[in-house]
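In: From the sequence below, what's the structure:
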Amino acid sequence: MKEAKKQGGLNAEIQSRIGHQLRAMYDDVVRQGVPDRFVELIRRLDVPEAGPHLGNAGEKNDGGE
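Out: Below you'll find the predicted structure:
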């Protein structure tokens, strides 16, 4: 008779403890919010650039052909 192969893994109690600890850690990170420097970078990326635009081939479009 073949011996049943023992399945690896964590039991439900250990998984639950790990889940609670991870949620507590990530909740703390979320409460910290986004640093002001990142907010400023994102704001600047949302504003259209006023400089020369690139054409389809990746070359600067100076308006002439």
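
In: Longest helix of the chain, counting residues only.
Out: Scanning the chain for the longest helix, with DSSP state H as the assignment, gives helix 12-32.

In: Can you tell me what sits against that one?
Out: Contact with helix 12-32 is made by residue 10, as judged by C-beta atoms under 8 Å, 6 or more residues apart in numbering. C-beta here means a position set from N, CA and C on the backbone, and glycine is covered the same way.

In: Average pLDDT for it, rounded please.
Out: On average, the pLDDT along helix 12-32 is 93.

In: would you put the C-alpha positions of the helix or strand following it in PDB?
Out: Going down the chain from helix 12-32, the next helix or strand is helix 36-46, by DSSP states H and E. This file holds the C-alpha atoms of helix 36-46, laid out as PDB (Å, rounded to 0.1, in the frame of the first residue of the first chain):
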ATOM      1  CA  ASP A  36       4.200  65.700  -0.900                       C
ATOM      2  CA  ARG A  37       7.100  65.200  -3.400                       C
ATOM      3  CA  PHE A  38       5.200  62.400  -5.100                       C
ATOM      4  CA  VAL A  39       2.000  64.400  -5.300                       C
ATOM      5  CA  GLU A  40       3.900  67.200  -7.000                       C
ATOM      6  CA  LEU A  41       5.500  64.800  -9.500                       C
ATOM      7  CA  ILE A  42       2.100  63.300 -10.300                       C
ATOM      8  CA  ARG A  43       0.600  66.800 -10.700                       C
ATOM      9  CA  ARG A  44       3.400  67.800 -13.100                       C
ATOM     10  CA  LEU A  45       3.000  64.600 -15.200                       C
ATOM     11  CA  ASP A  46      -0.800  65.400 -15.500                       C
END
